[in-house]
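**Student:** The amino acid sequence is not available; the structure is as follows:
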């Protein structure tokens, strides 16, 4: 078995880099106490744990870097073909858009679009079924969350305009 | 202790608890019966529903999902040789062969009876053990608690799948995520990058749903989810299970229950290894081992009793020490925290009746499970054929809605997608997410306990631990030894069973 650099080695370098960045940002990203109440006596500082974490990350990253060439794990990303990668990326992008869309269009409308789009993208060609599911399920969920569980979901845009004549 | 138990029984016997447990069982069986949908994913997505009801309704609901899901996985495993959950992989050895022999109904019934027996027995063992363990836990001070939690984290990392150092690295990453927000002692802001939304820390729920549900969805859609099961399946084929057939499997069921209960007490090993070990033990003990794999009822019974028997004992470290032993209990701890209950020694002292009520509800859930499962087998057998191209988008929408409702903060949706993508990449690169989630949950408690220990030690930490706190010293010294022994044992079990 020959040792060689692999995805684990790259990951190890990233962990080490992350540890170094942590050490660098600790002084800037941890607030100082307004009044120091004899902290030195107990060594109780808000930066103590972050420094420990960064130190452990650095030591383990170095251990992982030296160990990585001997590991024979497979990078599962390499097994993915082009269409699988496209499926995953499209779903992730759809999720990223779905959040802001929910705020702008309301839960029911954005969810209906999301369900119809993803379902068609995943290969469902029964458009009648898609239409029924993408309209009925978000309305049912909206009703369950807002009326039965008394929680809030982004409302229909029209609800905010016509509060006295709300759809649900 | 007896009084507290009796009070707990009183708390558990409520119609609304039973109703929600039944809903949870049905949902769990539904999700478990869908190949590619895991129990963990179902629990993560349904977790927010438990927030808006009382603890004695919300937590039994999730326990119902858990129990139903583990059994539900056996339905497609038996009917179409596709395990609905990882725990049902060993069921595929004999289940499909029984279906081919026109004994599908018998296989589904023995799976149900074995699951209920295994689960019920392990729950009773849990009730018996939890009191004494809680009494010991109550004697612990901050140094002992910190030492036990660190020991638990290292053991979880050592028993995680894959390479040990990768488990440790994920543990440290989880600790880093737990640092974001405020330090637990001085409430000083840390790593917030002036973002108001994370001033109180990274929200637990979006993280749990992101890490446990979204990667499963992304993996499921790698190959477009158009295909449905086209095989002609029928759960009604063959007669029902006879009393003699059940009796012939009874020894195997008892053996597997003991194995599953033992495995459940070990953190991080889980149902998959238990099912394989139960199956292997049944085959070794059988007078006709050559029949295993050819459609042997005992094979299904062995795997199903063992994987369900894991469920009860995993609650012991969760409820007594606040240490979640696996992914499922990590989701459950989220439900407890959202209800304002922090599992650990104090919970047993302050809310002992509630803890017993939850355990009694687990026992009752098994009885409900027997009735519901028996009458709904044909219904859930049809679930196997539902199109994933419809269900996956619905799952995404449900995950987003569930993530949004607790705080009504759009930022939580970003956290959800971030951890979804992070979890997916980690899975693809063989990094186990369990140590990360455990460290994220336990990080603040560890930091607080260490802070208290530093104050108590008055600057002389080593002297305080090794001279004044002998139990802490013993735990600290035993940590590397125990971690090594657990790692060796789990590696051996995984090598024997072929499970990851």
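**Tutor:** Nice, I can see it. Keep in mind the model is a prediction, meaning the values are calculated, not measured.

**Student:** Around residue B:15, count how many other residues there are.
**Tutor:** A count of neighbours around residue B:15, defined by other CB atoms under 10 Å in any protein chain shown, yields 7. In short, each C-beta sits where N, CA and C put it, glycine included.

**Student:** That one and residue B:56: what is the separation?
**Tutor:** Per CB to CB, to the nearest Å, residue B:15 is found 12 Å from residue B:56.

**Student:** Please see if the helix or strand harbouring residue A:134 touches chain B.
**Tutor:** When elements are assigned from DSSP states H and E, residue A:134 belongs to helix A:127-143. Yes. If you take CB under 8 Å from any CB of the partner chain as the test, helix A:127-143 does meet chain B, through A:129, A:130, A:133, A:134, A:137, A:138, A:141.

**Student:** Flag every buried residue along that helix.
**Tutor:** For helix A:127-143, the neighbour count (16 or more other CB atoms under 10 Å in any protein chain shown) marks A:130, A:133, A:134, A:135, A:137, A:138, A:139, A:141, A:142 as buried.

**Student:** Now render those as CSV, adding distance to residue A:74.
**Tutor:** Conversion of the buried residues of helix A:127-143 to CSV gives the following (distance: CB to CB, whole Å):
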residue, distance to residue A:74
A:130, 37
A:133, 37
A:134, 38
A:135, 43
A:137, 38
A:138, 40
A:139, 45
A:141, 39
A:142, 43
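
**Student:** Could you dump the residues you listed into JSON lines with pLDDT added?
**Tutor:** As requested, the buried residues of helix A:127-143 are exported to JSON lines (pLDDT from 0 to 100):
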{"residue": "A:130", "pLDDT": "91"}
{"residue": "A:133", "pLDDT": "91"}
{"residue": "A:134", "pLDDT": "92"}
{"residue": "A:135", "pLDDT": "91"}
{"residue": "A:137", "pLDDT": "91"}
{"residue": "A:138", "pLDDT": "92"}
{"residue": "A:139", "pLDDT": "91"}
{"residue": "A:141", "pLDDT": "87"}
{"residue": "A:142", "pLDDT": "89"}
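
**Student:** Out of those residues, which is nearest to residue B:365?
**Tutor:** residue A:141 (25.5 Å; CB to CB).

**Student:** In contact with the closest one, which residues?
**Tutor:** Neighbour list for residue A:141: A:107, A:111, A:153, B:397, B:398, B:401 [criterion: CB atoms under 8 Å, 6 or more residues apart in numbering or on different chains].

**Student:** Same check on residue B:420?
**Tutor:** Here residue B:420 is in contact with A:92, A:95, B:210, B:211, B:213, B:214, B:215, B:217, B:218 (CB under 8 Å, 6+ apart).

**Student:** Mind doing that once more with 6 Å?
**Tutor:** Shown in contact with residue B:420 (CB atoms under 6 Å, 6 or more residues apart in numbering or on different chains): B:210, B:214.

**Student:** Just the buried positions in the helix or strand containing it, please.
**Tutor:** Using DSSP H and E, the element containing residue B:420 is helix B:411-428. For helix B:411-428, the neighbour count (16+ other CB under 10 Å) marks B:412-424, B:426-428 as buried.

**Student:** Going by secondary structure, residue 11 is in what exactly?
**Tutor:** All of this is about chain A. Residue A:11 belongs to helix A:7-29 when elements are defined using DSSP H and E.

**Student:** I was after chain B.
**Tutor:** helix B:2-12.

**Student:** Outside of that helix itself, list whatever touches it.
**Tutor:** Contacts to helix B:2-12, defined as CB under 6 Å, 6+ apart, come from residues B:56, B:352, B:353, B:356, B:357, B:360, B:361.

**Student:** now the nearest residue to the fourth one once chain neighbours are set aside: how far from chain A?
**Tutor:** Leaving aside its chain neighbours, residue B:356 sits nearest to residue B:8 (2.7 Å; criterion: CB to CB, 6 or more residues apart in numbering or on different chains). Spatial separation of residue B:8 from chain A under the definition CB to the nearest CB, to the nearest Å is 26 Å.

**Student:** what's around residue B:8, how many residues?
**Tutor:** Based on other CB under 10 Å, the number of other residues close to residue B:8 is 23.

**Student:** Pretty sure residue A:138 sits against residue A:106.
**Tutor:** No. At 9.4 Å, residue A:138 does not count as touching residue A:106 under the criterion of CB atoms under 6 Å.

**Student:** quick revisit: and the residues of helix A:127-143 next to chain B as a markdown table, adding distance to residue A:148?
**Tutor:** Below are the residues of helix A:127-143 next to chain B laid out as a markdown table (distance: CB to CB, whole Å):
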| residue | distance to residue A:148 |
| --- | --- |
| A:129 | 26 |
| A:130 | 26 |
| A:133 | 20 |
| A:134 | 21 |
| A:137 | 15 |
| A:138 | 15 |
| A:141 | 10 |
